[in-house]
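give me a model of this one.
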Amino acid sequence: MAGHSHAKNIMHRKGKSDAVRSKVFSKLAREITVAAKMGMPDPAFNSRLRLAVANARSLSMPRDNIERAIKKAMGNDGENYDEIRYEGYGPGGVAIIVETLTDNRNRTASNVRSYFSKSGGAMGETNSVGFMFDKVGEITYPAKAGTEDKVMEAAIEAGADDVESDDEGHYITTTFEAMVEVAAALEAVLGEAESVKAVWKPQTNAPIDAEKGASLMKLIATLEEDDDVQNVYTNFEMSDEDAAKLDA
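Prediction:
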């Protein structure tokens, strides 16, 4: 079930409340502002901004919100955010990577450390678990984009490295460097992707039971509630039986 748990880890925000949706929009806006500040404020000439805008649109973020986030960067009146990655171990020895955008390093570090500690885990030094992951490109399509065979064929032709498909969608993996090029080739065949982003993909998975899984899900939810946290990645793996217990 490694592929399925990985997909759920990436896609678990789906179907949540309007309040969480609003928080997701806020984080998307922060990423757009940072991307626009780091390069040209025009998505056509800034690949990071282009990806940020595309992902915001895929989650139905209003156009006004997107334009406001770009103008905030152009006006140079917004906060300056630092990109900081935290790493550590959660319940059951699961490796966790936490990506943040913060205007206060001390606050964010203190908060993330406390989340790990309260869950029974521990925050480590930089690359304490990062060596167990590869930074890759992930292109996501809904299940309706095509059959598994059709998507697989398109991905191979586009130069992708791997494809995982389930009832919810298709998850196409590329090298980080080839992500934009592969996404463009896929769009010509399958249409616009649901998301195109850089992710941390585990090299191996850590199996956990339902009890540890419940604690891990609570930790991930707490991390994602923090305004400074942009993304959370783990290497957990769970059997179908234990996953069913969590869903019950």
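
so how far is residue 145 from residue 169?
Distance from residue 169 to residue 145, counting by CB to CB, to the nearest Å: 8 Å. All C-beta spots, glycine's among them, are computed from the backbone N, C-alpha and C.

meant to ask about residue 181
Computed as CB to CB, the residue 181 to residue 145 distance reads 19 Å.

the two: who's more crowded?
Neighbours were counted for residue 181 and for residue 145 using other CB atoms under 10 Å; residue 145 has more, 20 against 14.

I figured that one hits residue 189, correct?
No: taking CB atoms under 8 Å as the definition, residue 145 is not a contact partner of residue 189, at 9.6 Å.

what secondary structure does the residue lying closest to residue 133 once chain neighbours are set aside sit in?
In this structure, residue 133 finds its nearest non-sequential neighbour in residue 200, 4.1 Å apart by CB to CB, 6 or more residues apart in numbering. Reducing the assignment at residue 200 to three states with DSSP: H, G, I helix; E, B strand; the rest coil gives strand.

and the closest residue to residue 128 other than its chain neighbours, how many residues sit next to it?
If the residues on either side of it in the chain are set aside, residue 128 comes closest to residue 87, at 5.0 Å by CB to CB, 6+ apart. The tally of other residues near residue 87 (other CB under 10 Å) stands at 23.

adjacent strands (with direction) for the helix or strand harbouring residue 87?
Under the criterion DSSP states H and E, the helix or strand holding residue 87 is strand 82-89. Sheet partners assigned to strand 82-89 using DSSP bridges are listed as strand 95-102 (antiparallel), strand 122-124 (antiparallel).

for this protein, what spans make up the helices?
2-11, 18-38, 47-58, 63-74, 105-118, 148-158, 179-190, 210-225, 240-247 (DSSP state H).

which one of those lies closest to residue 140?
Each of the helices of the chain was checked against residue 140 via CB to CB, and the shortest separation belongs to helix 2-11, namely 7.4 Å.

what about that closest one, average pLDDT?
Helix 2-11 comes out with an average pLDDT of 39.

check stretch 183-190 too.
On average, stretch 183-190 scores 94.

then that stretch to PDB, C-alphas only?
C-alpha atoms of stretch 183-190 as PDB (Å, rounded to 0.1, in the frame of the first residue of the first chain):
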ATOM      1  CA  ALA A 183       4.200  19.000 -17.200                       C
ATOM      2  CA  ALA A 184       4.000  21.000 -20.500                       C
ATOM      3  CA  ALA A 185       4.200  17.800 -22.500                       C
ATOM      4  CA  LEU A 186       1.500  16.100 -20.500                       C
ATOM      5  CA  GLU A 187      -0.800  19.100 -20.700                       C
ATOM      6  CA  ALA A 188      -0.700  18.800 -24.500                       C
ATOM      7  CA  VAL A 189      -2.100  15.300 -24.200                       C
ATOM      8  CA  LEU A 190      -4.100  15.200 -21.000                       C
END
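
tell me how far that stretch is from the chain's mean position?
Distance, stretch centre to chain centre, for stretch 183-190: 21 Å (CA atoms, centre = their mean, to the nearest Å).
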